[in-house]
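Asks: everything below, folded, please.
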Amino acid sequence: MHIHILGICGTFMGGLAALAREAGHRVTGCDAGVYPPMSDQLRALGIELIEGFGAEQLAMKPDVWVVGNVVSRARAADGTPKFPLMEAILDSGARYTSGPQWLAENVLHGRHVLAVAGTHGKTTTTSMLVWVLECAGLQPGFLVGGVPLNFGVSARAPTLADSRTALPPEGERFALGRPGAETGARMIGANSCFVIEADEYDTAFFDKRSKFVHYRPRTAILNNLEFDHADIFDDLAAIEKQFHQQWKNDDEEGGKNLHEEDFLRTHLKRIKREDIKLSYTKVLNYQAGQELVNNMHNLMGNDLNVIVYNFVDMMSHARTELEVLKELAGDEISYRSVTKSWFEHSPLHQALKKVADKKINLILATDHGSVRVKSAVKVIGDKQTTTNLRYKHGRNLNYEPKDVLAFRDPKEAGLPVPTVNSSYIFAKEDLFLCYPNNYNYYVSYYKNTFQHGGVSLEEMVIPVIRMTSR
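Replies: Just a heads-up that it's a prediction; the model follows:
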């Protein structure tokens, strides 16, 4: 069988490619940013890698296209698909499937699957379990979201079971041990078991269930379950199911606003408006602003254009760090003056002038305001407590109740629960929250800076302006 994998350089899909190659299949794949070490590992297995998702790959005509969850039907601002190959596959009617589904049908079927799930510790626990079974002489197949040092690879295919390795009947208990050991229960036979890290990430753009749904384990280990991620469903309890790979807590590295377009498109689908032709443009620098100006007329062919312009928020953060901005925007009046001057000379203003005579509805809004903080209050928490100046969440928080709005049970306020026993506090008025360590330094550094995240009117009351052409 020839399989071509879209998004082959991800940890899961790379492991799947290794398993398929080890099983004797011809494997090719594509991804954006094909680079070491994953590219070296895959090429060492004889897997041909292609940079990008160009539609010309359709000419390869594999037996099946295996689609990773990095692939979507999203479109760029000019309306062109971000994954042309996927559109070509759909248009041609070619056979495609998801990675977890292919794995279930071609590797896991008929084997005793041991799955390790949970919010934290999956990779570590999976690696430990594989090593325990290996030491017991059971030679398990495995797929781990990392590279266990004992094996040096993230995935290994099981070999064909012999007459000693029949699975125990449904419902019969099993024991781990070397074949032939007197354990008082039937053995998991050598080569009959497969250990897999069962993460809850979504399967593919066409299958939004968690990956582990496909694995149908006979034995499951659930390390823990905490509210940690975001979702398309309506209630808080369901948030972790859908987009949990896209959620970032305050103590995690990486941007927290990298998936707005995905959320927007999913929301439109939920309200039955996925027929809307839309673009999503995020402007983070001057060059991106000029590209927006040049592309404004092309956007007129869409039903909805969303433009996120991040300058004002970045300026409030930069003002904290840069003395020159502190001088230019020393108080609220001068801060607004600097913002107005920027807008009048910005690419955003140019872009809006280019479509001022068009028959459109223009909605201007912001996601939050900011407040100039003037007085510090002390907060004590453990090392997991977040560092934001206007709100904090963590365990064992100590504070003055009069200074904050507090939620001991985050669910009461519709807030996420990052860890067990987490609570939230939000600073009132123009206060900001500081730890006792180096207290005087941080009070001096952050006093009179513009912050957000608290519960002042300046932060919570936001403008929504609707404009039409004259």
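Asks: can you confirm Asn305 is in a strand?
Replies: Yes - assessed with DSSP: H, G, I helix; E, B strand; the rest coil, Asn305 lies in a strand.
Asks: contacting residues for it?
Replies: Applying CB atoms under 8 Å, 6 or more residues apart in numbering, we find Asn305 in contact with 77, 278-279, 281, 299. In short, each C-beta sits where N, CA and C put it, glycine included.
Asks: specify which member of those is nearest to Leu90.
Replies: Of all those, Leu90 sits closest to Leu278, with 18.9 Å by CB to CB.
Asks: is that closest one bridged to anything, and to what?
Replies: Bridge pairing for Leu278 (DSSP bridges) gives the partners Leu304.
Asks: which residues does Val67 bridge with?
Replies: Leu6, Ser98.
Asks: can you tell me the element the nearest residue to His214 once chain neighbours are set aside falls in?
Replies: The shortest distance from His214 to any non-neighbouring residue, by CB to CB, 6 or more residues apart in numbering, is to Pro100 (3.9 Å). Using DSSP states H and E, Pro100 sits within helix 99-103.
Asks: how about Leu433?
Replies: strand 431-434.
Asks: which residues does that strand contact?
Replies: Identification of contacts with strand 431-434 by CB under 8 Å, 6+ apart yields 373-379, 388-392, 399, 403-404, 425, 427, 442-443, 446-447, 451, 454.
Asks: go again with 7 Å.
Replies: By CB atoms under 7 Å, 6 or more residues apart in numbering, the surrounding residues in contact with strand 431-434 are 373, 375-379, 389-390, 392, 403, 427, 442-443, 446, 451.
Asks: for the stretch 201-350 of the chain, give me the ranges with low pLDDT.
Replies: Where the stretch 201-350 of the chain drops to pLDDT under 70, the residues are 225-258, 317-322.
Asks: can you show me the helices along it?
Replies: Here the stretch 201-350 of the chain has its helices, by DSSP state H, counting those that start in this stretch, at 239-242, 260-270, 286-299, 311-321, 323-328, 332-344, 347-354.
Asks: tell me which of these is the most buried.
Replies: Compared across those, helix 239-242 shows the largest average neighbour count, a mean of 20 (mean count of other CB atoms under 10 Å).
Asks: rewinding a little: got the helices of the stretch 201-350 of the chain as TSV, with distance to His4 columns?
Replies: Output for those, formatted as TSV (distance: least, CB to CB, whole Å):
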stretch	distance to His4
helix 239-242	27
helix 260-270	24
helix 286-299	32
helix 311-321	41
helix 323-328	51
helix 332-344	48
helix 347-354	40
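Asks: nearest to Pro140, out of those helices?
Replies: helix 239-242 (28.3 Å).
Asks: contacts only, for Leu405.
Replies: Here Leu405 is in contact with 426, 428, 455 (criterion: CB under 7 Å, 6+ apart).
Asks: go with 10 Å
Replies: The contact partners of Leu405, taken as CB atoms under 10 Å, 6 or more residues apart in numbering, are 391, 413, 424-428, 454-455.
Asks: which of the residues you listed are buried, as a ChimeraX select command?
Replies: Remark: buried members of the contacts of Leu405, expressed as a ChimeraX selection using 16 or more other CB atoms under 10 Å:
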select :391,424,425,426,427,454,455
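Asks: strands - which of the contacts of strand 431-434 land there?
Replies: With strands taken from DSSP state E, the overlap with the contacts of strand 431-434 comprises 375-378, 392, 427, 451.
Asks: out of those, who's the most crowded?
Replies: Within the ones in strands among the contacts of strand 431-434, neighbour counts (other CB atoms under 10 Å) peak at Ala427, which reaches 29 neighbours.
Asks: domain-wise, how is this protein divided?
Replies: 2-99, 110-197, 277-358, 371-460 (automatic domain parsing).
Asks: which of those has the lowest mean pLDDT?
Replies: The minimum mean pLDDT among those belongs to domain 110-197 (a mean of 71).
Asks: dump the ones in strands among the contacts of strand 431-434 to a markdown table, plus distance to Asn437.
Replies: Formatted as a markdown table, the ones in strands among the contacts of strand 431-434 follow (distance: CB to CB, whole Å):
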| residue | distance to Asn437 |
| --- | --- |
| Ser375 | 19 |
| Ala376 | 13 |
| Val377 | 15 |
| Lys378 | 10 |
| Lys392 | 14 |
| Ala427 | 18 |
| Gln451 | 19 |
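Asks: so who does the residue nearest to Tyr439 when sequence neighbours are not counted touch?
Replies: Distances taken as CB to CB, 6+ apart place Lys378 nearest to Tyr439, at 6.8 Å, with adjacent residues excluded. Contact partners of Lys378, counting by CB under 10 Å, 6+ apart, are 398-400, 403, 433-436, 439, 443.
Asks: then Gly52?
Replies: So Gly52 contacts 30-34, 83-85 (CB under 10 Å, 6+ apart).
Asks: in strands, which of the residues you listed appear?
Replies: 30-31.
Asks: ok, so of the contacts of Gly52, who is nearest Arg209?
Replies: Phe83 (20.6 Å).
Asks: what's the burial count for that closest one?
Replies: 24.
Asks: wait, it sits on Val71?
Replies: Yes - Phe83 is within contact range of Val71, at 5.1 Å (criterion: CB atoms under 10 Å).
Asks: shared neighbours of these two, which are they?
Replies: 6-7, 30, 53, 89, 205.
Asks: need the max-distance pair from the residues you listed.
Replies: Among the shared contacts of Phe83 and Val71, Cys30 and Phe205 lie farthest apart (CB to CB), at 16.0 Å.
Asks: the two: which is more packed in?
Replies: Neighbours were counted for Cys30 and for Phe205 using other CB under 10 Å; Cys30 has more, 24 against 20.
Asks: quick check: nearest residue in space to the more buried one, chain neighbours excluded?
Replies: The shortest distance from Cys30 to any non-neighbouring residue, by CB to CB, 6+ apart, is to Ile50 (4.2 Å).
Asks: next up, the contacts around that neighbour.
Replies: If you count contacts by CB under 10 Å, 6+ apart, Ile50 has them with 4, 8, 28-31, 34, 56-57, 60, 85.
Asks: how about the secondary structure of it?
Replies: Ile50 ends up strand, using three-state DSSP.
Asks: distance of it from Ala155?
Replies: Distance, Ile50 to Ala155, by CB to CB, to the nearest Å: 21 Å.
Asks: next: Met314.
Replies: Using CB to CB, Met314 is found at 42 Å from Ala155.
Asks: kindly report the same for Cys135.
Replies: 19 Å.
Asks: of those two, who's got more company?
Replies: Higher neighbour count among Cys135 and Ala155: Ala155, with 24 against 11, using other CB under 10 Å.
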